[in-house]
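> Below are the sequence and a predicted model for it; my questions follow.
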Amino acid sequence: MSGDTLPQFIRDLLNPGVYSHETAEPALIQTHISYVILAGEFVYKFKKPVNFGFLDFSTLEKRRHCCEQELVLNRRLCPDIYLDLVSVRAGKDGHVLDGDGEVVEYGVRMARMPEERMMGNLIRAGGLESSHIDALVRVLVPFYDRAERSREIDGFGTARAVAVNVLENFDQTREFVGSAALSREQFETISAYAREMLGRDELFAARIRDGRIRDCHGDMYSANICLADKVYIYDCIEFNERFRYCDVASDIAFLAMDLDFHGLSGLSGYFVRTFGEASGDSGLAAMLDFYKCYRAYVRGKIGLFTAGDPAVDEAVRASSLADAGKYFALAHRYAQQ
């Protein structure tokens, strides 16, 4: 990646001399919305100044607010990982962390977790087992039990409210229809299936009556889970409540879909069965394919957005497009079931 495409403050923070703690050469990871710097025992996360409509980080104040929300919300599941808010300031000799000078950016400082215990790395190494799924379920069942529920939050579980999230994905990807990642037949089949399900109001009303609409995580899949000395589930949705106020089935379906994506359909089924039994959620199965399809389509959309970011290098762009195609194919499979 060319350093010329990065903001100056990010380039400065890739210098190990900036940090007050010991660190080797810092490493940068990018997503479509964040810069993440791995520096010694810590991780620093900064939000890109983007506005996708459903997400608005376009001003410094909005980014600060979302950083503060990120700390509060993620401490529900990871109180010892999410440490504090950091400021980047313009110093005499470049940008510094929490020093003197004008604030140019805010970020979140986190304790760094062991890379080899990240769920995605365990999957790639062939090391994910049913015991890991059991540990996840033991954390998730009480999390959802105590997660906030209210009349306002219940309102996000209606078919009409869910439709806002689902249907906007089709609007946001329409220009890509017919590309190598998303065929017209896939698009039409998936969108028709989603609309048919959204027309079944009683399914969604039953979930509300059963108390299954909660202040959830919103982004629960292997990239945001670490299976170390205990289970860490991090990086929840802080930027838009309507993606976090959702049916518990939507959260569960995301991880189940992710396991399917990685060829672990056996563990995916085991996860759904184990969670359903432990939580007493008898209505989970009726919603599962719908939310799996939705989640797979969202991941495909994010792959397209990431590939379109001029700051990412060619390798990231190519892998993002390839993954997008696989996610859309998976969403198509769910829609056909």
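That came through fine. Residues are numbered from 1 along each chain as shown.

> Identify the residues contacting P7.
Neighbour list for P7: Y35 [criterion: C-beta atoms under 8 Å, 6 or more residues apart in numbering]. For every residue, glycine as well, the C-beta is placed using N, CA and C.

> From K47, how far off is it?
Look at P7 and K47: by C-beta to C-beta, to the nearest Å, they are 12 Å apart.

> Mind pulling up the pLDDT for D4?
D4 is assigned 59 on the pLDDT scale.

> Not counting residues beside it along the chain, what's closest to the residue of the chain most remote from its centre?
The C-alpha centroid of the chain is most remote from K92, which lies 36.9 Å away (C-alpha atoms, centre = their mean). In this structure, K92 finds its nearest non-sequential neighbour in G101, 7.8 Å apart by C-beta to C-beta, 6 or more residues apart in numbering.

> Number of residues surrounding the one you found?
Neighbour count for G101, taken as other C-beta atoms under 10 Å: 13.

> again, but for E152
10.

> Any buried residues in stretch 18-32, and which?
18-19, 23, 26, 28, 30-32 (16 or more other C-beta atoms under 10 Å).

> any idea how far the spatially closest residue to D258 that is not a sequence neighbour lies from D215?
Nearest residue to D258, sequence neighbours excluded (C-beta to C-beta, 6+ apart): Y221, at 3.9 Å. Applying C-beta to C-beta, the value for Y221 to D215 is 18 Å.

> Check N240 too.
Remark: distance between N240 and D215 (C-beta to C-beta) = 13 Å.

> Equivalent analysis for F143, please.
10 Å.

> swap in S250?
Note on S250: its distance to D215, by C-beta to C-beta, is 12 Å.

> So for those two, which residue has more residues nearby?
Using other C-beta under 10 Å as the criterion, S250 and D215 rank with S250 on top: 27 against 20.

> Could you pull out the buried residues of stretch 329-337?
In terms of neighbour count (16+ other C-beta under 10 Å), stretch 329-337 has its buried residues at 329-335.

> Which residues does the helix or strand where A90 lies contact?
Assigned by DSSP states H and E, A90 falls within strand 82-91. Applying C-beta under 8 Å, 6+ apart, the contact partners of strand 82-91 are 9, 13, 42, 44, 46, 64, 67-68, 70-71, 74-75, 95-111, 234.

> Doesn't I237 lie inside a helix?
No - assessed by DSSP: H, G, I helix; E, B strand; the rest coil, I237 does not belong to a helix; its assignment is coil.

> sorry, back to before: the residue nearest to D258 contacts L255, doesn't it?
Yes - assessed by C-beta atoms under 8 Å, Y221 is found in contact with L255 at 5.4 Å.

> Same drill for those two, tell me which one is more crowded.
Using other C-beta under 10 Å as the criterion, Y221 and L255 rank with L255 on top: 27 against 22.
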